[in-house]
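1. I'll drop the sequence and a predicted model, then ask my questions.
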Amino acid sequence: MDTPRTRAIGAALIVSVLSTLLFLFRSLHDVVTWPFVHDAPLLHYAVYLSHHGFRFYQDIHDMNMPGAYLTEDIVMRTLGSGRVGWILWDFILSGLLVAYCIQLFGKKRIAYGWIAGVIAVLAHYADGAAYLGERDWMVAVFLVGAALSVLRWIEHSGPVCLLLASLQISFAAWVKPTALLCFVLVFWGIYHNRKQAQSSRVFIALGVGFVVPAFVIGTYLWTYGTRDGFIDLILRLLPYYASVGNAVHLEKPALILCLIVAARFFSPQSAVNRPRLILLQLLSAVGLLSFYLQGKGFVYHRYILLTGVCLLLSTLIMEWIDSGGIRTSVGIVVLLLLAVLVPSRLITLQLKRAYPTGTITALEQDLGHFSHHGLEHSIQCLDMIHGGCINVLYRMHAIQTTGFIHDYYLFPARQTSITSEYQETFLRALTDAPPRVLVVSEQDWPANMGYSKLERWPAFVYFLNAHYDLKITHTQGPHDFAGYRVYVIKA
């Protein structure tokens, strides 16, 4: 029925969709120019090493799960191994998220799903080039897909939906183990449809969905890694990594979730929307718990929570608009604010967060002076991320002397059995086959003590002074993330 109320709602939705669409185009116009930086080159380099005889968790010492390596490997082989391929991968993930969000709201509510998905994408891009294609972004997309599959199951679409949910959660868990928490959505869906869940096909679907990713990952690990090394990762390196650099500030994420849950008590009680609302509340709770359990407070660790909150907000706004009276007016105002002011703010943040590439450019130029002698198996980085050393080696297709691609476990603020073992292994490798060039980054994570980190490993300092001369010192400037030192073996 065409009434002033429906016309107002229709106009608000059209304005909101067009606004978010324009802001999305503006954001993507900036994203396509972004450099290939931060975590992605490190994982690409680990995969690159695995293609050249190094084995994950035996030669390559890194805290990432095999699902992350498998994903990087697939992207490198299909979309390309550089910047363009990685941007395309992020676009695919973002497009998939928006599609999932639209399907969560159904054909008659496409606008609400579009707005929720696009705002989540804009928030992701507002974090900058450093977080393009991040693992938690992929996990968030898969978990929204799992929530959609559970909703389809609740709508009596058959066990295949639970199979899809289980597949997505299980694979996501091989990237970030906290994704296993999302099985609570599946269990709630089974409880909600408990009469239909009595069929054995339901549990077969869940089992197959859980096992298939494990089989695929196991095959990949068998080919490029080692079982014992992976077990050592789970039992020793991951617990150590989880114990350092803890900087979780839960105030804002917890407050957001509390406000969303509290708002539910002031919204209309819609039986139609109730299953979706509960699933999105559970997804947001999983996102908050995942953020807390990862313990680092990194920006990208909140992506699951971000997507859940965007979907919850859109659901609540939809219910207010549909309820009539003053709530419709309030809902329209909030919708317009969400679709115009929030994207505008996110775009402003995105344009301000240009990634400083001065360190990478300078190091690539400096190492170019040594490349005519050949750097293959004759260079070693001691860096976390900001020094850009691994990034430069990946650009130059230069293979390190060892598979150590981080240095936080070599200069530990807290010594443990695994850090002592890594130090011994690393120093033995360098003693047996000294690289011609050593690059030491100023970044010291998590202690932030700069080059003073060397003092925490006297044996390495003795080796360095005995066999190497300091040739280049790059001091951190306004366009740099960190300084670095280049050492060359003594004649």
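-> Nice, I can see it.

2. downstream neighbour of the lowest-mean-pLDDT helix or strand in the chain in the secondary structure list?
-> Sorting the helices and strands of the chain by mean pLDDT, DSSP states H and E puts helix 251-264 at the bottom, at a mean of 64. Moving toward the C-terminus from helix 251-264, the next helix or strand (DSSP states H and E) is helix 274-294.

3. what distance separates stretch 447-460 from the centre of its chain?
-> Using Cα atoms, centre = their mean, to the nearest Å, the distance from the centre of stretch 447-460 to the centre of the chain it belongs to is 29 Å.

4. what residues go with each domain of this protein?
-> Following automatic domain parsing, one gets these domains for the chain: 4-352, 358-489.

5. Quick one: the ones you listed as TSV, columns for mean neighbour count too.
-> Backbone N, C-alpha and C define where each C-beta goes, glycine included. TSV is the format used below for the domains of the chain (neighbours: other Cβ atoms under 10 Å):
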stretch	mean neighbour count
domain 4-352	19
domain 358-489	18
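
6. between the ones you listed, which gets the lowest average pLDDT?
-> Note on those: lowest mean pLDDT is at domain 4-352, with a mean of 89.

7. Would you mind measuring the gap between the ends of that domain?
-> In domain 4-352, first residue to last residue: 41 Å (Cα to Cα, to the nearest Å).

8. Let me see the contact set for residue 67.
-> When contacts are counted by Cβ atoms under 8 Å, 6 or more residues apart in numbering, residue 67 touches 171, 172, 173, 174, 175, 213, 217.

9. Would you mind giving the residues you listed as JSON lines with distance to residue 429 and secondary structure added?
-> Supplementary listing: the contacts of residue 67 in JSON lines, determined by distance: Cβ to Cβ, whole Å; DSSP: H, G, I helix; E, B strand; the rest coil:
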{"residue": "171", "distance to residue 429": "34", "secondary structure": "helix"}
{"residue": "172", "distance to residue 429": "34", "secondary structure": "helix"}
{"residue": "173", "distance to residue 429": "33", "secondary structure": "helix"}
{"residue": "174", "distance to residue 429": "29", "secondary structure": "coil"}
{"residue": "175", "distance to residue 429": "29", "secondary structure": "coil"}
{"residue": "213", "distance to residue 429": "34", "secondary structure": "helix"}
{"residue": "217", "distance to residue 429": "28", "secondary structure": "helix"}
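
10. Please identify which helix or strand holds the nearest residue to residue 80 once chain neighbours are set aside.
-> Leaving aside its sequence neighbours, residue 80 sits nearest to residue 88 (Cβ to Cβ, 6 or more residues apart in numbering; 7.6 Å). Taking DSSP H and E as the definition, residue 88 sits inside helix 83-105.

11. then that helix to CSV, C-alphas only?
-> Output of helix 83-105 as CSV, limited to C-alpha atoms (Å, rounded to 0.1, in the frame of the first residue of the first chain):
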residue,chain,number,x,y,z
ARG,A,83,50.0,-6.8,-4.9
VAL,A,84,47.3,-7.0,-7.6
GLY,A,85,46.5,-10.6,-6.7
TRP,A,86,46.2,-9.8,-3.0
ILE,A,87,43.9,-6.8,-3.6
LEU,A,88,41.7,-9.0,-5.8
TRP,A,89,41.6,-11.6,-3.0
ASP,A,90,40.4,-9.0,-0.5
PHE,A,91,37.8,-7.7,-3.0
ILE,A,92,36.5,-11.3,-3.4
LEU,A,93,36.2,-11.7,0.4
SER,A,94,34.5,-8.3,0.7
GLY,A,95,32.1,-9.1,-2.1
LEU,A,96,31.3,-12.4,-0.5
LEU,A,97,30.6,-10.8,2.8
VAL,A,98,28.2,-8.3,1.3
ALA,A,99,26.4,-11.2,-0.6
TYR,A,100,26.1,-13.2,2.7
CYS,A,101,24.7,-10.1,4.5
ILE,A,102,22.1,-9.6,1.7
GLN,A,103,21.0,-13.2,1.9
LEU,A,104,20.7,-13.0,5.7
PHE,A,105,18.0,-10.4,5.3
